[in-house]
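Asker: Dropping a prediction and its sequence here:
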Amino acid sequence: MAGASHPRRMKVAVVGATGVAGQQFLTALENHPWFELKRLAASERSAGKRYKDALKDASSGATRWFCNAPCPKPYLELHVEEASKLVLDDIDIVFTAIETEPAKEVEPLYAKKCPVISTASAFRYENDVPVFLPGINGDHAALLELQRKNRGFKGFITPGPNCTTVGLAISLKPLYDAFGVASVIMTSMQAVSGAGRSPGVLSYDITDNVIPYIPKEEEKVQKETQKILGVLANGEIQPAPFGVSCTCTRVNVLDGHLESVFVSLKRQASLDEVKEVWRKGYQELLELKLPTAPPEMIHYTEEPFRPQPRLDRDMHDGMTTVIGRLRVDHVLPHGIKYVLLSHNTKMGAAKGAILTAEYLIRRGVIS
Ligand SMILES: NC(=O)c1ccc[n+]([C@@H]2O[C@H](COP(=O)([O-])OP(=O)(O)OC[C@H]3O[C@@H](n4cnc5c(N)ncnc54)[C@H](OP(=O)(O)O)[C@@H]3O)[C@@H](O)[C@H]2O)c1
C-alpha cells in the first residue's frame with residue numbers, strides 16, 4: 001500500500017460484513033493507514049455473534065469465507081451488530097455492502113450522523129445522489145451539499161456504481177474526453193461472485209453453462225454509465241448524451257467481469273491514439289497518491305489472448321482495469337472495439353468504495 005499520510009486514523013464501520021463484498025472490505029481495511037475498522041454489522045441472523053461464528057453456516061457449520069486472503073485475526077473476535085441498531089457514536093465513516101431493500105432503510109439512518117459510502121443500488125438513481133468513480137466525476141461531490149440540505153443529513157450517502165459499470169466507465173472516460181462518444185454496445189461475461197452469497201448462483205445451474213440474463217443489470221449499466229459521465233449543472237446531473245446498449249450474462253468464473261465493448265467515437269482516432277489516452281488518463285487521480293489507488297487505473301495488454309479473468313483480475317490487487325484486443329470496428333461510424341476485465345468485488349465494490357472515501361478525504365469533502 002502506498003504510504004500516503006493522513007493526520008488521524010478515522011474510525012469506520014462495515015455493514016454487510018459477512019457477505020462477499022463485506023469480506024473484501026475486511027481484508028482491504030487491515031493495516032489501512034487512514035482507517036481503523038471498529039464495528040461490524042449484518043442481518044438479524046448474525047447479530048450478537050462474534051464475527052467468526054457469524055461466518056458459520058447454520059446447518060453444516062462450515063465457515064463461509066470467500067476471499068483468497070485470510071480474514072484478519074482481530075476481526076474474527078469482533079461482535080456483529082444488527083444493521084438497523086448499529087451504534088455510530090465513535091464512527092467517522094460507514095461502508096455498506098447489503099442488498100437494496102435493507103440499504104434503503106438503514107443508509108439514511110447512518111447518513112443522519114456520518115458519511116455513508118455504499119456498494120448498494122438503493123440511492124444511485126436519486127437526483128441529489130452522485131455515483132462516484134474516483135478520477136472520473138469528482139466534481140459531482142458538489143451534489144452532496146444539496147443532499148445534506150434536502151434530507152437533513154449531517155453526513156451523506158454516496159454509492160459506487162454497479163460492478164459491471166465500473167470497468168466500462170473507466171475505459172470510456174478518456175475516450176469521451178478526447179474523441180467524444182456517439183454510442184456504446186457492451187456484452188458482459190460476469191463472475192458468479194457478482195451475485196453475492198444470497199441469492200447467489202447455484203453451482204448446479206452455472207457449471208458447464210452460461211446464463212444469458214441477469215435481472216435489472218443491463219438497465220443499471222446503461223443508466224449509471226450516462227450518469228457517471230454526465231455534467232453537473234444547476235444542482236443536477238445531465239446524463240452523458242450517448243446511447244448505451246448491453247447484454248449482461250453470467251459465466252462460470254469465480255471473480256472478474258469480462259466485457260466486450262464496441263464504441264462509436266464522435267471523431268476518428270487511430271488505435272495508437274486510443275492507447276495513448278488510456279495510458280495518460282487518470283494522472284490527476286494517481287498524483288493524489290491515495291493508499292488504495294493502483295499505479296495505473298488502466299493497463300493495456302498487446303497479448304491477443306488477454307485479458308483473462310484467472311490471469312489478470314488481480315493485477316494491482318484487483319484495482320486496475322485490464323484492456324486488450326483493441327481493433328477498428330468497420331460497422332460503426334469511427335468504430336473501435338476492445339475487451340476489458342474488472343475485478344467485481346475489489347475495484348467493483350469494497351476497494352472501490354475505500355478509494356472513494358480516500359478521495360473525498362483528500363478533497364476535504366470528508367474531514
Ligand atoms: N458481489 C459483488 O461483486 C458486488 C459488486 C458491487 C456491488 N455489490 C453490492 O453489494 C451489496 C452486497 O452484495 P454481496 O454480493 O456482498 O451480497 P451477499 O454476499 O449476499 O451479502 C449480503 C450481506 O448483507 C447482509 N444482510 C442481508 N440481509 C440484511 C438485512 N436485512 N439487514 C442488514 N444486513 C443484511 C448479510 O448478512 P447475514 O450474513 O447476516 O445474512 C450479508 O452480510 C449488494 O447491494 C450488491 O449489489 C456487490
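Answerer: Yep, that arrived.
Asker: how close does L290 get to Y282?
Answerer: 11 Å (C-beta to C-beta, to the nearest Å). For the C-beta atoms, the positions are set from N, CA and C on the backbone; glycine is no exception.
Asker: Which one's more surrounded, those two?
Answerer: Ranked by neighbour count (other C-beta atoms under 10 Å), L290 and Y282 place L290 first, with 24 against 21.
Asker: And for the more buried one, nearest residue in space, chain neighbours not counted?
Answerer: Distances taken as C-beta to C-beta, 6 or more residues apart in numbering put E358 closest to L290, at 4.1 Å, once the chain neighbours are dropped.
Asker: my read: that neighbour touches P291, true?
Answerer: Yes. Under the criterion of C-beta atoms under 8 Å, E358 makes contact with P291 at 6.1 Å.
Asker: Could you find the closest non-adjacent residue to Y282?
Answerer: The shortest distance from Y282 to any non-neighbouring residue, by C-beta to C-beta, 6+ apart, is to M297 (4.0 Å).
Asker: Spell out which parts of the stretch 151-300 of the chain neighbour the ligand.
Answerer: By C-beta under 6 Å from any ligand atom, the residues of the stretch 151-300 of the chain that approach the ligand are C163, S193, G194, G196, R197, S198.
Asker: redo that, cut-off 8 Å
Answerer: Neighbours of the ligand within the stretch 151-300 of the chain, by C-beta under 8 Å from any ligand atom: 160, 162-163, 166, 191, 193-200, 255.
Asker: now swap in the stretch 1-150 of the chain and tell me
Answerer: 15-23, 41-47, 54, 66, 80, 82-84, 96-103, 105-106, 118-122.
Asker: List buried residues within the residues you listed.
Answerer: Using 16 or more other C-beta atoms under 10 Å as the burial test, these include 15-23, 41-43, 46-47, 54, 66, 80, 82-83, 96-99, 102-103, 106, 118-122 as buried.
Asker: Residue of the stretch 1-150 of the chain closest to the ligand, please.
Answerer: Closest to the ligand within the stretch 1-150 of the chain is G19: 2.0 Å, counting by C-beta to the nearest ligand atom.
Asker: got a list of what that residue touches?
Answerer: A42, A97, I98, G196, R197, S198 (C-beta atoms under 8 Å, 6 or more residues apart in numbering).
Asker: can you give me the helices in the stretch 101-250 of the chain?
Answerer: Using DSSP state H, counting those that start in this stretch, the helices assigned to the stretch 101-250 of the chain run over residues 142-151, 163-179, 203-206, 217-228.
Asker: Highest mean neighbour count out of those helices?
Answerer: helix 163-179 (a mean of 24; mean count of other C-beta atoms under 10 Å).
Asker: Report the mean confidence score over that one.
Answerer: Helix 163-179 shows a mean pLDDT of 98.
Asker: Poorly predicted segments of this protein, please.
Answerer: 1-7 (pLDDT under 70).
Asker: one step back: the more surrounded of E358 and P291?
Answerer: E358 (24 against 19).
Asker: Checking the more buried one next. Helix, strand or coil?
Answerer: helix (DSSP: H, G, I helix; E, B strand; the rest coil).
Asker: Show the contacting residues for it.
Answerer: A4, W34, P134, L290, P291, T292, A293.
Asker: where's it relative to the ligand, distance?
Answerer: According to C-beta to the nearest ligand atom, to the nearest Å, E358 stands 18 Å off from the ligand.
Asker: same thing with K289?
Answerer: As judged by C-beta to the nearest ligand atom, K289 and the ligand stand 25 Å apart.
Asker: what's around that residue, how many residues?
Answerer: For K289, using other C-beta under 10 Å, the count is 13.
Asker: Over to P115?
Answerer: 27.
Asker: likewise D317?
Answerer: If you count neighbours by other C-beta under 10 Å, D317 ends up with 16.
Asker: And for E287?
Answerer: Look at E287: counted by other C-beta under 10 Å, it has 9 neighbours.
Asker: Residue ranges of each domain in this structure, please.
Answerer: Here the domain parsing of the chain from automatic domain parsing is 10-162+349-362, 164-344.
Asker: What is the end-to-end distance of the longest one?
Answerer: From the first residue to the last, domain 164-344 extends over 7 Å; the measure is C-alpha to C-alpha, to the nearest Å.
Asker: go on, stretch 175-188?
Answerer: So stretch 175-188: terminal residues 20 Å apart, C-alpha to C-alpha.
Asker: Need the residues that contact that stretch.
Answerer: By C-beta under 8 Å, 6+ apart, stretch 175-188 touches 164, 168, 172, 217, 221, 225, 229, 240, 242-249, 257-267, 269, 273-274, 277, 281, 332-334, 336.
Asker: Sort out for me which of those residues are in strands.
Answerer: If you go by DSSP state E, those have 243-249, 257-265, 336 in strands.
Asker: Sort out which of those are buried, if you could.
Answerer: 244, 246, 248-249, 257-259, 261-265, 336.
Asker: Need the max-distance pair from those residues.
Answerer: The most widely separated members of these, counting by C-beta to C-beta, are T249 and L265 (25.7 Å).
Asker: For K113, grab phi and psi.
Answerer: Backbone torsions for K113, taken as degrees, to the nearest 10, come to phi -110, psi -40.
Asker: Who are the contact partners of V263?
Answerer: Going by C-beta under 8 Å, 6+ apart, the list of residues near V263 reads L172, L175, V181, S183, V184, I185, D329, L332, G335, I336, K337.
Asker: Show me the beta-bridge partners of it.
Answerer: V184, I336 (DSSP bridges).
Asker: Run a quick neighbour tally on the residue lying closest to A350 once chain neighbours are set aside.
Answerer: Closest residue to A350 apart from its sequence neighbours, by C-beta to C-beta, 6+ apart: Q24 at 3.6 Å. For Q24, the count of nearby residues is 30 (other C-beta under 10 Å).
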